[in-house]
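S.K.: Got a predicted model here, sequence first, then my questions.
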Amino acid sequence: MTPSDDQGTPGTSGTIDPSVPPSGTGCMECEAGGGWWFHLRRCAACGHIGCCDSSPAQHAGAHAAATGHQVIRSFEPGEEWFWNYAKEQYVEDGPRLAAPQSHPADQPVPGPAERVPTDWRDRLN
């Protein structure tokens, strides 16, 4: 990864700001609207936590489209990869972001458990 590709001024397209903490432990929009998610993604520019593209609502991708923040990092325990929506490719060697690196390991996937329908597999994108 080179600075011209994925780092720069916070809030600009393609930016990674390692100092910004995550917005929470679950998808912001799903939490606000009573939804559920499959996996979580973290905006590398502003820390927004959104649900993945396999989740019913796809909030991480919607956030990238609405804000121009094109680089996300997995917010799943044990995963350290970055994705650039604009380039539709993985970002190699992304920096370590502000803690925490993932949602709590004891947080269920999909989640939150009390809102996940029994037919959740059929609802994935």
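M.R.: Now that the structure is in, tell me what you want to look at.
S.K.: which other helices and strands contact the helix or strand that contains Ala66?
M.R.: In this structure, Ala66 is located in helix 59-67 according to DSSP states H and E. Packing partners of helix 59-67 (3 or more Cβ pairs under 8 Å, 6 or more residues apart in numbering; DSSP states H and E): helix 28-33, strand 40-43, strand 49-51. For the C-beta atoms, the positions are set from N, CA and C on the backbone; glycine is no exception.
S.K.: Pipe those into a markdown table and attach mean neighbour count and mean pLDDT per row.
M.R.: As requested, the helices and strands packed on helix 59-67 are arranged in a markdown table below (neighbours: other Cβ atoms under 10 Å; pLDDT from 0 to 100):
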| stretch | mean neighbour count | mean pLDDT |
| --- | --- | --- |
| helix 28-33 | 16 | 98 |
| strand 40-43 | 28 | 99 |
| strand 49-51 | 27 | 99 |
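S.K.: For Ser19, which of the ones you listed is the nearest?
M.R.: strand 40-43 (13.3 Å; Cβ to Cβ).
S.K.: Next, count neighbours for the nearest residue to Pro21 once chain neighbours are set aside.
M.R.: Distances taken as Cβ to Cβ, 6 or more residues apart in numbering put Ala98 closest to Pro21, at 4.4 Å, once the chain neighbours are dropped. Residues near Ala98, counting by other Cβ atoms under 10 Å, number 13.
S.K.: re the thing from before, redo the helices and strands packed on helix 59-67 as CSV? Include distance to Tyr85.
M.R.: Shown next, in CSV, are those (distance: least, Cβ to Cβ, whole Å):
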stretch, distance to Tyr85
helix 28-33, 17
strand 40-43, 10
strand 49-51, 11
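S.K.: In contact with the residue nearest the centre of the chain: list those residues for me.
M.R.: Geometric centre of the chain, nearest residue: Arg41, 1.5 Å, by Cα atoms, centre = their mean. If you count contacts by Cβ atoms under 8 Å, 6 or more residues apart in numbering, Arg41 has them with Ile49, Gly50, Cys51, Cys52, Ala60, Ile72, Arg73, Ser74, Phe75, Trp83.
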